[in-house]
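Visitor: Provide a 3D model corresponding to the input given below.
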Amino acid sequence: FDAFGYSLFITVFSVISISLVTSMLAWYITRVKTKFTNFVYYLLVFSMIVPFQMVMFTMSKTANLLHLDNPVGIIVLYVGFGAGLGTFMFSGFIKSIPLSLEEAAMIDGAGPVKTYFLIVFPMLKPTAITVAILNTMWIWNDYLLPYLTIGTEYKTIPVAIQYLRGGYGAVDMGAMMAMLVLAMVPIIAFYLVAQKHIIRGVVAGAVKG
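Guide: This is a model prediction of the structure:
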């Protein structure tokens, strides 16, 4: 149950952080066209094609130096690894949002923060849910990153399942099956619930378009 708690904490707060940070960054990059924002955008897109195995050794050493080898610190690492895909998906959707809506809000006295949370982010709901599903399935089932950074002290469910394997083929099958069910049921339930919202969002967008 400790492993379930760590997995739930890391997954929930990582997904929330990735959704907020990447949507804000995508909005800024899309609306503010400079050489710097273009550089940041292409840097994030490039990061999606870099295999994790290329940076895992350097990343684990850096995480130890910066004291990110704990359940809170690993959230920062997940935000970094999830920034590329999230920003790419949000940027594509934000380009379809009329700029006149944001200008009207600013004319009415809304600042950038208020405009984002009241105008922009509600319109990003279908994309936000899609990003949340992809990142939830990735983070919940991830083994390598938690194992390299926090695995020996704070075991997540995938790491705990691996530790249930005893030596010389001795496996506690009862505990193993219980952990596997505990690992699969929440993510399947989340996917089934969130899938409905994606379909509604796509249909609503098609009708409006």
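
Visitor: Buried residues in the helix or strand containing Leu77, which are they?
Guide: Here Leu77, judged by DSSP states H and E, is contained in helix 73-94. Neighbour-count burial for helix 73-94, counted by 16 or more other Cβ atoms under 10 Å, picks out 74-75, 77-79, 81-91, 93-94. To be clear about C-beta, it is placed using only N, CA and C from the backbone, and glycine gets the same treatment.

Visitor: what residues does whichever helix or strand comes after it touch?
Guide: Once the chain leaves helix 73-94, the next helix or strand it forms, by DSSP H and E, is helix 99-107. When contacts are defined by Cβ atoms under 8 Å, 6 or more residues apart in numbering, helix 99-107 is touched by residues Arg31, Lys114, Thr115, Leu118, Ile119, Val120.

Visitor: PyMOL command to pick out the buried ones of those?
Guide: Typed into PyMOL, the line below selects the buried ones among the contacts of helix 99-107, using 16+ other Cβ under 10 Å:
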select buried, resi 115+119+120
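
Visitor: buried stuff in the helix or strand hosting Thr58?
Guide: Here Thr58 sits within helix 52-65, counting by DSSP H and E. By neighbour count with 16+ other Cβ under 10 Å, helix 52-65 contains the buried residues Met59, Ser60, Ala63.

Visitor: Tell me how confident the model is about it, as a mean pLDDT.
Guide: Across helix 52-65, pLDDT averages out at 84.

Visitor: before we move on, what about stretch 144-155?
Guide: 83.

Visitor: May I see the buried residues of it?
Guide: Using 16+ other Cβ under 10 Å as the test for burial, stretch 144-155 gives Leu145, Pro146, Tyr147, Leu148, Thr149, Ile150, Gly151, Tyr154, Lys155.

Visitor: what's the offset of that stretch from the middle of its chain?
Guide: Distance of stretch 144-155 from its chain centroid, counting by Cα atoms, centre = their mean, to the nearest Å, is 18 Å.

Visitor: Need the contact partners of that stretch.
Guide: For stretch 144-155, the external contacting residues (Cβ under 8 Å, 6+ apart) are 2-3, 6, 10, 52, 56, 59-60, 63-64, 68-71, 73-74, 77-78, 81, 156, 158-159, 162-163.

Visitor: Please save the CA atoms from that stretch in CSV.
Guide: Once non-C-alpha atoms are left out, stretch 144-155 reads as follows in CSV (Å, rounded to 0.1, in the frame of the first residue of the first chain):
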residue,chain,number,x,y,z
LEU,A,144,13.2,3.0,-15.1
LEU,A,145,13.0,6.6,-13.8
PRO,A,146,11.6,5.8,-10.3
TYR,A,147,14.1,2.9,-10.0
LEU,A,148,17.1,5.1,-10.9
THR,A,149,16.1,8.0,-8.7
ILE,A,150,13.9,6.9,-5.7
GLY,A,151,13.5,3.2,-6.2
THR,A,152,15.6,2.0,-3.2
GLU,A,153,13.8,4.1,-0.7
TYR,A,154,10.4,5.1,-2.1
LYS,A,155,9.2,2.1,-4.2
